[in-house]
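Undergrad: coordinates only, sequence not included:
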């Protein structure tokens, strides 16, 4: 029986039969449909995923003309921070534009969160202005809401992760609510500095990383940014597929945030005024790539369907969007994930 | 999509600015530039269009517009406002009717 090369969610190479691949794809679809309470993919869509997984070639692609755009997180620091090449961020942005042909990039501080940026925001804005003067592609200023940074001993608020096991529920809820107010203030303060130098947009990355309060801070900051600086685009990129209920009672526009999956998150992002939504579906490292990408496509298809006037960009990086959780991500898996997402979900970007 | 090698930066700009979906953004840009949506992804077509209109290219030679100067031309080509162009004009004391 012929075996096809594919990978596990941790990146390990495996060879699977066609029947094994089909079974995993079906399981991935069923898992998403059950967890998200959403329709499964159709038989022809499932067959198409199997075709993409078993296609010849290390790299596969979409038909000419079907390409979609891309956005980044921590884009302008990757060559320096990640690859260790000593290049200034302003130059990196130009390399991404003219060297690599990126559609956009975001510019961010080494400590990529708004609380850390606040104290150096005017210097960051000066860098951002220079970067904008030398680039043509849209340049966003990016950072994470990162609500955990507001807890003691690094921040002023009691640590709800320590209070909850002590059954100090009211104190834990109050601490998160205080942190939301502080985070919104910091994000909007930084956005104001970036607007003053002509940023194309603000990228709120890994939204919801600290749970529902983190997501609420993101939505409230987005609303305030769009109210005060209507020409700023806002991209919200999620931290995970599911908003954890660390608080549990927080709502935005009447919708409880805890437990929301991407197809519900996108409507709130749109209501808050975001123009781009970075949807996340996590990779399960103990399951195969066929299982993971089928599950991702099921969730993202529904997210694209639920989106109104907001572009949906699936997060397709290490550990999300079907991509294996490994340091150097394999292009065979990346190109197959991209092709499946574009052709099956008809999303707006990656 | 290829960024300034094609029209990826222009299409994303419309998404970011207006929340346009991919089809809507491609149609908007294609209509404004007088090309087909298919052409937007073709680097050989778009290099010529971008050179002719001064919209910024991958290999800017002969003093072709880059940075702010290219973005000023993109504003006119797409009939949009770009924040950094506005800041530049304000600082330079240029009034282009904004």
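TA: Noted; the coordinates are in hand. On a predicted model such as this, the values are computed, not experimentally measured, just so you know.
Undergrad: now the residue nearest to residue A:103 when sequence neighbours are not counted: how far from residue A:73?
TA: Distances taken as C-beta to C-beta, 6 or more residues apart in numbering or on different chains place residue B:8 nearest to residue A:103, at 3.6 Å, with adjacent residues excluded. C-beta coordinates here come from the backbone N, C-alpha and C atoms, glycine included. Residue B:8 sits at a distance of 17 Å from residue A:73 (criterion: C-beta to C-beta, to the nearest Å).
Undergrad: those two: who's more crowded?
TA: Neighbour count, other C-beta atoms under 10 Å in any protein chain shown: between residue B:8 and residue A:73, residue B:8 has more, with 26 against 22.
Undergrad: contacting residues around that one?
TA: Contacts here follow C-beta atoms under 8 Å, 6 or more residues apart in numbering or on different chains; on that basis residue B:8 touches A:67, A:69, A:70, A:101, A:102, A:103, A:137, B:1, B:2.
Undergrad: any idea which helix or strand carries the residue lying closest to residue A:137 once chain neighbours are set aside?
TA: Once flanking residues are discounted, residue A:137 sits nearest to residue B:9: 3.9 Å by C-beta to C-beta, 6+ apart. Under the criterion of DSSP states H and E, residue B:9 resides in helix B:8-18.
Undergrad: mind listing the helices for the chain?
TA: Since no chain was named, I'll use chain A. With DSSP state H, the ranges of helices along chain A come out as A:18-36, A:43-54, A:89-94, A:114-118, A:121-134, A:160-163, A:169-196, A:212-228, A:262-272, A:289-306, A:331-340.
Undergrad: looking at chain B here, not the other one
TA: B:8-18, B:22-33, B:43-53, B:67-78, B:83-92.
Undergrad: which residues sit against the shortest one?
TA: With contacts defined as C-beta under 8 Å, 6+ apart, helix B:83-92 is touched by A:129, A:132-133, A:139, A:195-200, A:231-232, B:68, B:71-72, B:75, B:94-96, B:98.
Undergrad: right, so of the helices of chain A, which gets closest to chain B?
TA: Nearest of the helices of chain A to chain B, taken as C-beta to the nearest C-beta: helix A:121-134 at 4.0 Å.
Undergrad: tell me who's in contact with the residue positioned nearest the centre of chain B.
TA: For chain B, residue B:74 is the residue whose C-alpha lies nearest the centre (C-alpha atoms, centre = their mean; 3.8 Å). The neighbours of residue B:74, taking C-beta under 8 Å, 6+ apart as the test, are A:136, B:10, B:13, B:55, B:56, B:80, B:82.
Undergrad: among those residues, which ones are buried?
TA: Buried members of these, counted by 16 or more other C-beta atoms under 10 Å in any protein chain shown: A:136, B:10, B:13, B:55, B:56, B:80, B:82.
Undergrad: out of these, flag the one nearest to residue A:319.
TA: Of all the buried ones among the contacts of residue B:74, residue A:319 sits closest to residue B:13, with 29.1 Å by C-beta to C-beta.
Undergrad: spatially nearest residue to the closest one (excluding sequence neighbours)?
TA: residue A:138 (5.0 Å).
Undergrad: wouldn't the one you found be in contact with residue B:11 here?
TA: No: the criterion here is C-beta atoms under 8 Å, and residue A:138 misses it with residue B:11 at 10.1 Å.
Undergrad: report the mean per-residue pLDDT for stretch A:6-17.
TA: Mean pLDDT, stretch A:6-17: 98.
Undergrad: which residues touch that stretch?
TA: Contacts with stretch A:6-17, where a contact means C-beta under 8 Å, 6+ apart, come from A:1-5, A:21, A:24, A:53, A:283-292, A:324-326, A:329-330, A:332-333.
Undergrad: for PyMOL, what selects the buried ones among these?
TA: Those of those that count as buried under 16+ other C-beta under 10 Å are selected in PyMOL with:
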select buried, chain A and resi 4+21+24+53+283+284+287+288+289+290+291+292+324+325+326+329+330+332+333
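Undergrad: and the contacts of stretch A:6-17 near chain B, which?
TA: Counting by C-beta under 8 Å from any C-beta of the partner chain, nothing from the contacts of stretch A:6-17 sits close to chain B.
Undergrad: ok, residue B:73 - contacts?
TA: Residue B:73 touches B:53, B:54, B:55, B:65, counting by C-beta under 8 Å, 6+ apart.
Undergrad: quick one: low-confidence ranges for chain B?
TA: Residues of chain B meeting the criterion pLDDT under 70: B:96-98.
Undergrad: would you mind finding the longest strand in chain A?
TA: Secondary structure of chain A per DSSP state E: the longest strand is strand A:105-113.
Undergrad: buried set for it?
TA: A:105, A:106, A:107, A:108, A:109, A:112, A:113.
Undergrad: quick revisit: now the common contact residues for residue A:138 and residue B:11.
TA: Listed as contacting both residue A:138 and residue B:11 by C-beta under 8 Å, 6+ apart are residue A:103.
Undergrad: residue numbers of the stretch 101-250 of chain A in contact with chain B?
TA: Contact residues, the stretch 101-250 of chain A versus chain B (C-beta under 8 Å from any C-beta): A:101-104, A:129, A:132-140, A:195-201, A:231-233, A:235.
Undergrad: show me which of those residues are buried.
TA: Taking 16+ other C-beta under 10 Å as the criterion, what is buried in these is A:101-104, A:129, A:132-140, A:195, A:197-201, A:231-233, A:235.
Undergrad: among the residues you listed, which are in strands?
TA: Counted as lying in strands by DSSP E, out of those, are A:139, A:140, A:201, A:233, A:235.
Undergrad: skip the chain neighbours and tell me the closest residue to residue 45.
TA: Answering for chain A, as no chain was given. residue A:344 (5.2 Å).
Undergrad: ah, no, chain B please
TA: For residue B:45, ignoring the flanking residues on the chain, the nearest one in space by C-beta to C-beta, 6+ apart is residue B:39 at 4.5 Å.
Undergrad: okay, now that neighbour: neighbour count?
TA: By other C-beta under 10 Å, the residues close to residue B:39 number 17.
Undergrad: what about it, distance to residue B:16?
TA: For residue B:39, the distance to residue B:16 (C-beta to C-beta) stands at 22 Å.
Undergrad: related to what we said a few turns ago, what's the farthest-apart pair in the contacts of residue B:8?
TA: Taking C-beta to C-beta, no two of the contacts of residue B:8 sit farther apart than A:67 and A:137, at 15.3 Å.
Undergrad: next, the buried residues of stretch A:177-190.
TA: Neighbour-count burial for stretch A:177-190 flags A:177, A:178, A:179, A:180, A:182, A:183, A:184, A:185, A:186, A:187, A:188, A:190 (criterion: 16+ other C-beta under 10 Å).
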